[in-house]
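*Asks:* sequence and computational prediction follow.
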Amino acid sequence: MDTVASCISWLKSTFLLERIKCNPTYYKLPVGHTEAELDEHMKELCVRHLRELASSGMIALADDGIGLEPLRLGRITARYCVELETMRRFKEGLRPESNVEELAHTPSHTLSSNTLTP
């Protein structure tokens, strides 16, 4: 995906669309909403999360507001199914002057308790 429009289109093809239709109030959409309201809600949801990914350094949004590009950290996050919050903590723990010992300890210090499965 390299545009906001392609992200919105993909999002509409997921099960999320059906969940929103079945339980609109949970997703802050009025019962009896129109298709136009649903489309606008999906667009707002997608753009909000794209901005969050951009502010976290996972993607770069183009200046025109249309294009986007995954960044290295975002590719790693997606490839290894790392939770966004975990990757944020990992990123915050890295510094250019980090030594090997600090780098080795960073992953274990970034895991939140809810990312571990017993």
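*Replies:* Cool, the structure landed.

*Asks:* what is the mean pLDDT for stretch 39-48?
*Replies:* Per-residue pLDDT over stretch 39-48 has a mean of 90.

*Asks:* ignore the last one, stretch 9-29
*Replies:* Average pLDDT, stretch 9-29: 90.

*Asks:* buried stuff in it?
*Replies:* Neighbour-count burial for stretch 9-29, with 16 or more other C-beta atoms under 10 Å as criterion, is recorded at L11, I20, P24, Y27, L29. For the C-beta atoms, the positions are set from N, CA and C on the backbone; glycine is no exception.

*Asks:* ends of that stretch, what's the gap?
*Replies:* End-to-end distance of stretch 9-29 (C-alpha to C-alpha, to the nearest Å): 19 Å.

*Asks:* distance of M87 from R72?
*Replies:* To R72, M87 is 11 Å away according to C-beta to C-beta, to the nearest Å.

*Asks:* tell me which of these two has more neighbours.
*Replies:* M87 (20 against 9; other C-beta atoms under 10 Å).

*Asks:* my guess is the more buried one meets L71, correct?
*Replies:* No: using C-beta atoms under 8 Å as the test, M87 is too far from L71 to be in contact (11.2 Å).

*Asks:* against C7, how distant is the nearest residue to V4 once chain neighbours are set aside?
*Replies:* Of all residues not flanking V4 in the chain, I66 sits nearest, at 5.9 Å (C-beta to C-beta, 6 or more residues apart in numbering). Between I66 and C7 the distance is 11 Å, computed by C-beta to C-beta.

*Asks:* for those two, work out which one has more neighbours and name it.
*Replies:* C7 (19 against 12).
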